[in-house]
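In: fold the stuff below for me.
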Amino acid sequence: MFTYKGDNMNFTVVVEQVLILLIILVVGIVSGKVGFIADGASKKLSELLLYVTSPMMVLSSFFFEYSAEKMKNALLVFLVASGFYLLSIFLAKLIFKSFSSKIKPIMQFSAVFSNAAFMGLPMMKALYGLDGVFLGSFYVVAFNIFAWTFGYAMFSTVEEDGGMKKLLKKAMLNPAVIAVYVGVIIFVFRIPVPGAIERAVNYIGDMTMPLSMLIIGSLISTVKVKELLNDAKVYYASAVRLIVMPLLAYVILYLIGTPKILISIIVTALSMPVAATTTVFADLFDKDAVFASKVVMMSTILSVVTAPVIIGLI
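Out: Numbers count the residues shown, from 1 in each chain. So this is what the prediction gives:
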């Protein structure tokens, strides 16, 4: 049975967890400013996060006794997340259809895809324990499928990149998704994991949250404050990402009688800032990568305020 990490989880707990993220973010900003995280180092740290620590955190969430109910809830998270991705893709196309070709795909992508893996999973672990990471990892599977297919197609024509089949294959071979495959095998077949291996995986996985915030902080340190604050489009995109989408999901899921388990995971994931992948795609397809970076950074800063409020609702 899914339980919160502590029976009295409330707004104060959420604020405390976000405050921890903010403190580490500030350390990352200072480290970037003084050169402890040098130019180019954030890219290597991001690779470490993508290929090592994040998959280990996902894998560690499967190290407990098999439960048919937990597996059922995980599949429901995947299905609900997929349904909302389809809805949000449709809405994003309507909301941002009048913008220029340089920033329209960035605005659309930022509305649909949150930083569910790098920031969302650590937040879920802090709030809901390993049960939260277990369920959240299935949200990440949906994220990767849609980000590398429909999301990718927002920036480029699918035919130019080998078709939807090739993009789907790339999405399903993401390191975090591979960790889900391995974890499901261990979980379903009840494969015993030696204590030393389990603890090592947990230790590495626990690095994900602080590492992600240090990386984001170092990126923020490279942008002048004035450049972050003087673009109204950045605030517009951030508001849609941080407020409109999670609240819309909350209302829809609540009205259709979705179990609180699913609401907790989906809304928490959607309360996270714009996915860092936005900047990668913008740079790759010669869109406005600077604007994409500003949206990612500003939404990350604003999420320190919005995330506790949104998550506090549930």
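In: buried residues in stretch 213-224?
Out: If you call a residue buried by 16 or more other CB atoms under 10 Å, then stretch 213-224 has these buried ones: 213-221. All C-beta atoms are positioned from the backbone trio N, CA, C, and that covers glycine.
In: return the subset of the residues you listed lying in helices.
Out: Using DSSP state H, the members of those that fall within helices are 213-220.
In: pick the one among these closest to residue 252.
Out: Distance to residue 252, by CB to CB, is smallest for residue 216 among those, at 29.3 Å.
In: wait, residue 297 sits on residue 219?
Out: Yes: between residue 297 and residue 219 a contact is recorded at 6.4 Å, counting by CB atoms under 8 Å.
In: distance check, the nearest residue to residue 124 once chain neighbours are set aside against residue 296.
Out: Of all residues not flanking residue 124 in the chain, residue 132 sits nearest, at 3.5 Å (CB to CB, 6 or more residues apart in numbering). In this structure, residue 132 lies at 24 Å from residue 296, with CB to CB, to the nearest Å as the measure.
In: next: residue 89.
Out: In this structure, residue 89 lies at 19 Å from residue 296, with CB to CB as the measure.
In: settle it for me: which of the two has more neighbours?
Out: A side-by-side neighbour count of residue 89 and residue 296, using other CB atoms under 10 Å, places residue 296 first with 27 against 19.
In: element containing that one, please.
Out: Secondary structure assignment for residue 296, by DSSP states H and E: helix 289-312.
In: can I get that helix in CSV, CA atoms only?
Out: Coordinates of each C-alpha in helix 289-312 appear next as CSV, following Å, rounded to 0.1, in the frame of the first residue of the first chain:
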residue,chain,number,x,y,z
ALA,A,289,18.6,28.3,-27.4
VAL,A,290,19.3,31.4,-25.3
PHE,A,291,15.5,32.0,-24.8
ALA,A,292,15.2,28.2,-24.0
SER,A,293,17.9,28.5,-21.3
LYS,A,294,16.1,31.5,-19.8
VAL,A,295,12.8,29.7,-19.6
VAL,A,296,14.4,26.7,-18.0
MET,A,297,16.3,28.8,-15.4
MET,A,298,13.4,31.2,-14.6
SER,A,299,10.9,28.4,-14.2
THR,A,300,13.4,26.7,-11.9
ILE,A,301,13.7,29.8,-9.7
LEU,A,302,9.9,30.4,-9.7
SER,A,303,9.2,26.7,-8.8
VAL,A,304,10.7,27.4,-5.4
VAL,A,305,7.6,29.4,-4.7
THR,A,306,5.0,27.6,-6.9
ALA,A,307,5.9,24.0,-6.1
PRO,A,308,5.1,24.1,-2.4
VAL,A,309,1.7,25.8,-3.1
ILE,A,310,0.7,23.3,-5.9
ILE,A,311,1.9,20.2,-4.1
GLY,A,312,0.4,21.5,-0.8
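In: buried residues, that helix. List them.
Out: The neighbour-count check on helix 289-312 (16+ other CB under 10 Å) flags 289, 291-300, 302-303, 306-311 as buried.
In: one more: stretch 271-289?
Out: 271-279, 281-282, 287-289.
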